[in-house]
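Visitor: No sequence on hand, only this structure:
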């Protein structure tokens, strides 16, 4: 009986949620003349940094800032508002083995992916999404031969301020289901001997440090003004996780 309510709420959210622009700033570059690590960030509006005004405060800029004192790196960002796993796969197939400045490259040491929110809010099934994710991971692993692929888990949609109840609860449950299955997929991929890449799932440590306010109110404070995209504090925490995993891999 919830289906009509969820549909109406979903349509209203799409109509009334502010459309924030993608941040300005460089999406490709390097920090010195002799990079020892190459990084690719691949994904959707969160990957591109929607919610902040400049790449400096987005995931890419925060990762580069935190890694730069330790090593020289080259970096590239291929992400777009509205991207799904399917549209990203299409772009990869279109541009791999071409002169595309990002997707046409032969190698990246580390790849970070952020895909799934636009899949979840569409009608794609968990099974179909997992098939697409598997195809994506196998494609980028074989094409770019990275030593590490960091897969960003779906965020806690059940805590997104922009979403009304019961839509918020429903999408939160769906995100939890997708994440559980995604974790199992990565375990299987790590067992494939023909894929030497290390696949790791990263989850944002969203814990409320203020016991006098609700978790939903805390999320309003750390998310963007639209209540749907990350704010600067979340991008910083996300970058911390990425850098920790890269450092762990480099020291292994």
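Guide: Arrived safely, thanks for sending. None of the values given here were measured: they were computed from a predicted structure.
Visitor: Show me where the stretch 151-252 of the chain has its strands.
Guide: Secondary structure of the stretch 151-252 of the chain (DSSP state E, counting those that start in this stretch): strands located at 198-202.
Visitor: Tell me which helix or strand comes right after the one helix or strand residue 75 maps to.
Guide: For residue 75, the host element (DSSP states H and E) is strand 73-79. Using DSSP H and E, the next helix or strand after strand 73-79 towards the C-terminus is helix 85-95.
Visitor: Provide the strand pairings for the following helix or strand past that next one, with the direction of each partner.
Guide: Once the chain leaves helix 85-95, the next helix or strand it forms, by DSSP H and E, is strand 110-114. Neighbouring strands of strand 110-114 in its sheet, by DSSP bridges, are strand 37-43 (parallel), strand 148-152 (parallel).
Visitor: hang on, the earlier thing: what are the contacting residues of the strand holding residue 75?
Guide: 27-31, 35-45, 47-48, 55, 60, 63-64, 67, 91, 101-103, 105, 108, 114 (C-beta atoms under 8 Å, 6 or more residues apart in numbering). C-beta here means a position set from N, CA and C on the backbone, and glycine is covered the same way.
Visitor: before we move on, what about stretch 240-249?
Guide: 37, 59, 63, 66-67, 70, 110, 112, 147-148, 150, 198, 200, 202-205.
Visitor: One more: stretch 145-154?
Guide: 40, 43, 46-47, 107-114, 116-117, 120, 137, 140-141, 175, 178-179, 182, 186, 196-204, 238, 242, 245-246, 249.
Visitor: Got a ChimeraX select line for the buried ones in those?
Guide: Selection of buried members from those for ChimeraX, criterion 16 or more other C-beta atoms under 10 Å:
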select :40,43,46,47,108,109,110,111,112,113,114,116,117,120,137,140,141,175,178,179,182,186,197,198,199,202,204,238,242,245,246,249
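Visitor: Okay, now the unreliable bits of the stretch 51-200 of the chain?
Guide: Under the criterion pLDDT under 70, no range of the stretch 51-200 of the chain is flagged.
Visitor: try 80 this time
Guide: Within the stretch 51-200 of the chain, the set of residues satisfying pLDDT under 80 comprises 193.
Visitor: Compute the number of surrounding residues for residue 214.
Guide: 12 (other C-beta atoms under 10 Å).
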